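J.: Structure, please.
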Amino acid sequence: MPDETEETVHESERSRSRQALATYFRRIAKALGRGEPVPVADAGTITVDPPAEPDLEVEIEREGDRVSLELDVEWIEEEGDVDLDAAASKATFEVYGDAADDWRWRLVHDNGNIIADGGEGYSDRRDAENGIESVKRNAPGAHVVDLKNEEEPPEEGGSNATFEVFEDQGGKRRWRLVHDNGNVIADGGQGYASKRNAVGGLRSVKENAPGAAVEEVDE
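T.: Just a heads-up that it's a prediction; the model follows:
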């Protein structure tokens, strides 16, 4: 008889806002729609590559005052793949010292473009690294608002930061990621000709920041 011993290769549990759940499921849906490996972990370092038609089981259970919704996607192992050491992101956080001996960071896409930076220097490297962690934690679920249209973020969901799209003095559209404490924790570093392009830039940060590696580089 075949060996049917159950082995858990990955398990995680945490509380999420409705917006964060939506972001997580959108990442899964986008990968499934494109036929790409599906990121399971938030960092994107664990992926599964199910076959074209896996089995799907949906179950709702009630136990006391607790309700659980379980989505179980199952397939024969040889028909799919599980990667426990997947490429986490298409970008890298670079930490570097500037001409004033301050520490800075930037998020560089694999194509060489800088898609985000911290916008300020820090006297302590640890402060720059803390800024990176704040972006990793808050960017994926952050609401996006257009200040030109005087939009306000929804009261529910999201993260502890908001992506603000705005128009600069030269008429270019820009974005910045603002923490609830008022601090700007990241910005795009450039102006865009249209709101669409600015939103495309921040979406790249949403997708790539969580799993991006952090490296120190020389200037």
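J.: which residues of the chain fall in strands?
T.: 38-39, 47-49, 55-63, 66-74, 81-83, 91-97, 103-109, 114-117, 143-146, 161-167, 173-179, 184-187, 213-216 (DSSP state E).
J.: per-stretch mean pLDDT over these, give me the minimum one.
T.: Ranked by mean pLDDT, the strands of the chain bottom out at strand 38-39, which scores a mean of 84.
J.: Need the strands of the chain in a markdown table (columns: distance to R18 and mean neighbour count).
T.: (Glycine included, C-beta is placed from N, CA and C.) Converted to a markdown table, the strands of the chain look like this (distance: least, Cβ to Cβ, whole Å; neighbours: other Cβ atoms under 10 Å):
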| stretch | distance to R18 | mean neighbour count |
| --- | --- | --- |
| strand 38-39 | 20 | 22 |
| strand 47-49 | 24 | 19 |
| strand 55-63 | 17 | 9 |
| strand 66-74 | 13 | 10 |
| strand 81-83 | 28 | 14 |
| strand 91-97 | 27 | 20 |
| strand 103-109 | 27 | 22 |
| strand 114-117 | 25 | 22 |
| strand 143-146 | 12 | 18 |
| strand 161-167 | 16 | 21 |
| strand 173-179 | 20 | 22 |
| strand 184-187 | 23 | 22 |
| strand 213-216 | 29 | 13 |
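J.: Include distance to V135 when you put those strands into JSON lines, please.
T.: Below are those laid out as JSON lines (distance: least, Cβ to Cβ, whole Å):
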{"stretch": "strand 38-39", "distance to V135": "18"}
{"stretch": "strand 47-49", "distance to V135": "22"}
{"stretch": "strand 55-63", "distance to V135": "34"}
{"stretch": "strand 66-74", "distance to V135": "29"}
{"stretch": "strand 81-83", "distance to V135": "25"}
{"stretch": "strand 91-97", "distance to V135": "8"}
{"stretch": "strand 103-109", "distance to V135": "8"}
{"stretch": "strand 114-117", "distance to V135": "7"}
{"stretch": "strand 143-146", "distance to V135": "15"}
{"stretch": "strand 161-167", "distance to V135": "8"}
{"stretch": "strand 173-179", "distance to V135": "7"}
{"stretch": "strand 184-187", "distance to V135": "5"}
{"stretch": "strand 213-216", "distance to V135": "11"}
